[in-house]
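Q: coordinates only, sequence not included:
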């Protein structure tokens, strides 16, 4: 936890579709009335401190199970709030639809988070895979990257230059592409990827200017990856939910 936090870090529950309104309110941008309401405890916690920029790090195949089992040290030590996000579709496309459109039902209204911010004088960037950019960027500035290393390097260039940066880390898709059966120890590889990403996120956080809100947003991946956890661990992973880990850079 950060220096302002003690052992009582807020753990909240909210609906995934409340993310767009939350980001808009934290950036002091008008929120369309048809969107689900913002996550008020996050507004109460961070808005009074002042926010000049928000960085959303979207991580595939990461959730409550992974943070509980692997305990990535930076995320655990620096978190100011942890939000468990309920949704009927916890996989990548469901999370992207909720983040950019406020849910599947709101796309016909013409709302798009990044385009709405641009229209209200804010600067945005979406760094991700080319096919996701084509589907979700809404014609706003974006940068296509195909590996986590490339995304992490790009993060150093963009995170202090925009009001909202969305960075998609997707190396777990490579684990799926190779096939977990061809990986000697997929559970060990999963842990290594999480701990490596944890170090990269720490490095990016340290580069941030003050008055920045840093969010790690998880999803269940583009595809289901069966890592064959047994017993209680298997049950916990099946029940794991996406989450948002929030931390403030003074």
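A: Nice, I can see it. Everything numeric here is computed off the predicted structure, so don't read it as measured data. Residues are numbered from 1 along each chain as shown.

Q: After the longest helix along the chain, which helix or strand is next? Please name it.
A: Using DSSP state H, we find that the single longest helix of the chain is helix 186-207. The first helix or strand that comes after helix 186-207 along the chain, using DSSP states H and E, is strand 212-218.

Q: what lines up beside that following strand in the sheet?
A: strand 53-59 (parallel), strand 243-249 (antiparallel) (DSSP bridges).

Q: Next, the angle helix 186-207 makes with the first one.
A: Meaning strand 53-59. 170 degrees (axes from the mean of the first three to the mean of the last three C-alpha atoms, to 10 degrees).

Q: contacting residues around strand 53-59?
A: Residues outside strand 53-59 that contact it (C-beta atoms under 8 Å, 6 or more residues apart in numbering): 23, 26-27, 95-96, 99, 128, 155, 159-160, 162-169, 172, 197, 201, 204, 208-209, 211-219. C-beta coordinates here come from the backbone N, C-alpha and C atoms, glycine included.

Q: The last one too?
A: Contacts of strand 243-249 with the rest of the structure, by C-beta under 8 Å, 6+ apart, involve 2, 4, 19, 42, 45-46, 49, 63-64, 67, 75, 78-85, 205, 208-218.

Q: Strands of this protein, residue ranges please.
A: Listed in chain order, the strands of the chain (DSSP state E) span 11-15, 53-59, 81-86, 124-128, 142-144, 164-169, 212-218, 243-249.

Q: Mind listing what's buried along the third one?
A: Right, the one you point to is strand 81-86. 81, 82, 83, 85 (16 or more other C-beta atoms under 10 Å).

Q: Mind giving me the packing neighbours of that strand?
A: Helices and strands touching strand 81-86, by 3 or more C-beta pairs under 8 Å, 6 or more residues apart in numbering; DSSP states H and E, are strand 11-15, helix 40-46, strand 243-249.

Q: closest one to residue 104 among the ones you listed?
A: strand 11-15 (13.1 Å; C-beta to C-beta).

Q: Ends of stretch 130-150, what's the gap?
A: 13 Å (C-alpha to C-alpha, to the nearest Å).

Q: check contacts around the nearest residue to residue 45 once chain neighbours are set aside.
A: The spatial neighbour of residue 45 that comes closest, neighbours along the chain excluded (C-beta to C-beta, 6 or more residues apart in numbering), is residue 81 at 6.0 Å. By C-beta under 8 Å, 6+ apart, the contact set of residue 81 is 9, 10, 11, 12, 41, 42, 45, 245, 246.

Q: Next one: residue 81 from residue 50, what distance?
A: Distance check for residue 81 against residue 50: by C-beta to C-beta, to the nearest Å, it reads 16 Å.

Q: Quick check: residue 195 vs residue 145, distance?
A: Distance of residue 195 to residue 145, given as C-beta to C-beta: 21 Å.

Q: These two: which has the busier surroundings?
A: Higher neighbour count among residue 195 and residue 145: residue 145, with 22 against 15, using other C-beta atoms under 10 Å.

Q: show me what contacts the closest residue to residue 244 other than its chain neighbours?
A: Distance criterion C-beta to C-beta, 6+ apart; nearest residue to residue 244, sequence neighbours excluded, is residue 83 at 4.3 Å. Residues in contact with residue 83 (C-beta under 8 Å, 6+ apart) are 11, 12, 13, 14, 39, 42, 243, 244, 245, 246.

Q: possible to save those as CSV with neighbour count?
A: Below are the contacts of residue 83 laid out as CSV (neighbours: other C-beta atoms under 10 Å):
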residue, neighbour count
11, 12
12, 17
13, 12
14, 20
39, 25
42, 25
243, 23
244, 22
245, 25
246, 26
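
Q: Might you list the low-confidence residue ranges for this structure?
A: 1-9, 105-109, 171-187, 189, 221-240 (pLDDT under 70).

Q: Quick test: name the residue nearest the centre of it.
A: Residue closest to the average C-alpha location in the chain (C-alpha atoms, centre = their mean): residue 217, at 2.0 Å.
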